[in-house]
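Asker: kindly generate the corresponding structure for this input.
(one chain, ligands or ions: 2)
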Amino acid sequence: MPSSPSAGQRFREAVQNERPLQVVGVINAYAALLAERAGFRAIYLSGGGVAAASLGVPDLGITTLEDVLIDTRRITDACPLPLLVDVDTGFGSAFNIARTVRSLIKAGAAAIHMEDQVQAKRCGHRPGKALVAPEEMEDRIKAAVDARTDPSFVIMARTDALAVEGLESALERSRRYVEAGADMIFAEAVTDLEMYREFKRVSGVPILANMTEFGKTPLFSTRQLAEVGVDIVLYPLSAFRAMSAAAVKVYQTIRREGTQQTVLDLMQTRAELYEVLNYYAYEQKLDQLFAKERRDDE
Ligand SMILES: C[C@](O)(C(=O)O)[C@H](CC(=O)O)C(=O)O
Ligand SMILES: [Mg+2]
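Answerer: Ligands and ions are numbered 1, 2, ... in the order given. The predicted structure is shown next:
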């Protein structure tokens, strides 16, 4: 067991210290550095984001544990903030879920969210979702909890039931998932602010609200969400959507105009990039090392 607070402990502390805790999606290690500089205390690896950005495929359960681990490791190597990772349905049955949990802890993740959809899952804000029985989801949660090598590692259960079975069922499932060992609840595709209050009441654990854009949930403010007891607010793909729109503009302009002159103001400058990466400190280190080598040679 590590002596300094584990990633899971740091995530739990962040949930306590900031109310509600804003968690932003980081599509790669560099985005994680940008989020850290903007002042966020926790970051997120989106399943839809791994699918789209790392593989160029839709969010339909196509990615594997390995795909998610690669992105997780790169992010946790670069950035100390606690990372919540989307593991979709856990990547298999009980033993696979155990492996998912153990591997993600080793990869430096702080928390996972796992959902009650069938393995051929869909984005939570699209039609055609199908769920497993609550008993099967309870088994998934028990497998995850049992596999934890760090008791602070956060197992968050996501329920997609609201859109499929209605509010009563979603609430009942949340209650059961907490009883099975889930530390926190992710109420997916919520349509009314007041519903969060119900999720909080029945589950009695921290609640996450997903403020993904262009979906089923209105873009509530942190103040509105705090009033109904939400503990964590997620912005899974906001920066990725903005980066992608900027990229389209830049590509189209260069192609059309034969120069990037008119889109320079969309770009981060070289100096800004280097500042984020601490480039000059690396350069100085190199200079020192080489100077030392030269002295050693003399
Ligand atoms: C949170 C989510 O699971 C994700 O993978 O980022 C997605 C987000 C989205 O597609 O907008 C989801 O809500 O299903
Ligand atoms: Mg997802």
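
Asker: from here on, contacts and neighbour counts on C-alpha atoms
Answerer: Will do.

Asker: residues in the stretch 1-150 of the chain within reach of ligand 2, list them.
Answerer: Gly47, Gly48 (Cα under 5 Å from the ion).

Asker: quick one: the helices in the stretch 1-150 of the chain?
Answerer: 7-17, 29-37, 47-49, 65-78, 94-106, 134-147 (DSSP state H, counting those that start in this stretch).

Asker: give me whichever of these is most buried.
Answerer: Looking across those with neighbours counted as mean count of other Cα atoms under 10 Å, the highest average goes to helix 47-49: a mean of 25.

Asker: of the helices of the stretch 1-150 of the chain, which is nearest Ala226?
Answerer: Checking the helices of the stretch 1-150 of the chain against Ala226 by Cα to Cα gives helix 7-17 as the closest, at 12.4 Å.

Asker: pull the residues that contact the closest one.
Answerer: 21, 41-42, 82-83, 108-111, 150, 152-154, 231-232 (Cα atoms under 8 Å, 6 or more residues apart in numbering).

Asker: which of these fall in strands?
Answerer: Among these, the members falling in strands are Leu21, Leu83, Ala111, Val154, Ile232 (criterion: DSSP state E).

Asker: make TSV out of those residues and add pLDDT and neighbour count.
Answerer: Conversion of these to TSV gives the following (pLDDT from 0 to 100; neighbours: other Cα atoms under 10 Å):
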residue	pLDDT	neighbour count
Leu21	98	22
Leu83	99	29
Ala111	99	27
Val154	98	26
Ile232	98	25
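
Asker: same list (those residues) but as a markdown table, adding distance to ligand 1.
Answerer: Conversion of the ones in strands among the contacts of helix 7-17 to a markdown table gives the following (distance: Cα to the nearest ligand atom, whole Å):
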| residue | distance to ligand 1 |
| --- | --- |
| Leu21 | 16 |
| Leu83 | 13 |
| Ala111 | 14 |
| Val154 | 17 |
| Ile232 | 13 |
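
Asker: Arg270 is nearest to which of the helices of the stretch 1-150 of the chain?
Answerer: Comparison of the helices of the stretch 1-150 of the chain against Arg270 by Cα to Cα identifies helix 29-37 as nearest, at 14.1 Å.

Asker: doesn't Ala271 belong to a helix?
Answerer: Yes. The assignment for Ala271 by DSSP: H, G, I helix; E, B strand; the rest coil puts it in a helix.

Asker: from Ala29, how far out is it?
Answerer: Relative to Ala29, Ala271 is positioned 18 Å away (criterion: Cα to Cα, to the nearest Å).

Asker: ok, Met137 next?
Answerer: 32 Å.

Asker: and if you look at Val228?
Answerer: Counting by Cα to Cα, the gap between Val228 and Ala29 amounts to 33 Å.

Asker: next one: Ala38
Answerer: Note on Ala38: its distance to Ala29, by Cα to Cα, is 14 Å.

Asker: contact residues of the stretch 101-250 of the chain facing ligand 1?
Answerer: Where the stretch 101-250 of the chain comes near ligand 1, counting by Cα under 6 Å from any ligand atom, the residues are Cys123, Gly124, His125, Thr212, Pro236.

Asker: can you do 5 Å?
Answerer: In this structure, the stretch 101-250 of the chain approaches ligand 1 at residues Cys123, Gly124, Thr212, Pro236, judged by Cα under 5 Å from any ligand atom.
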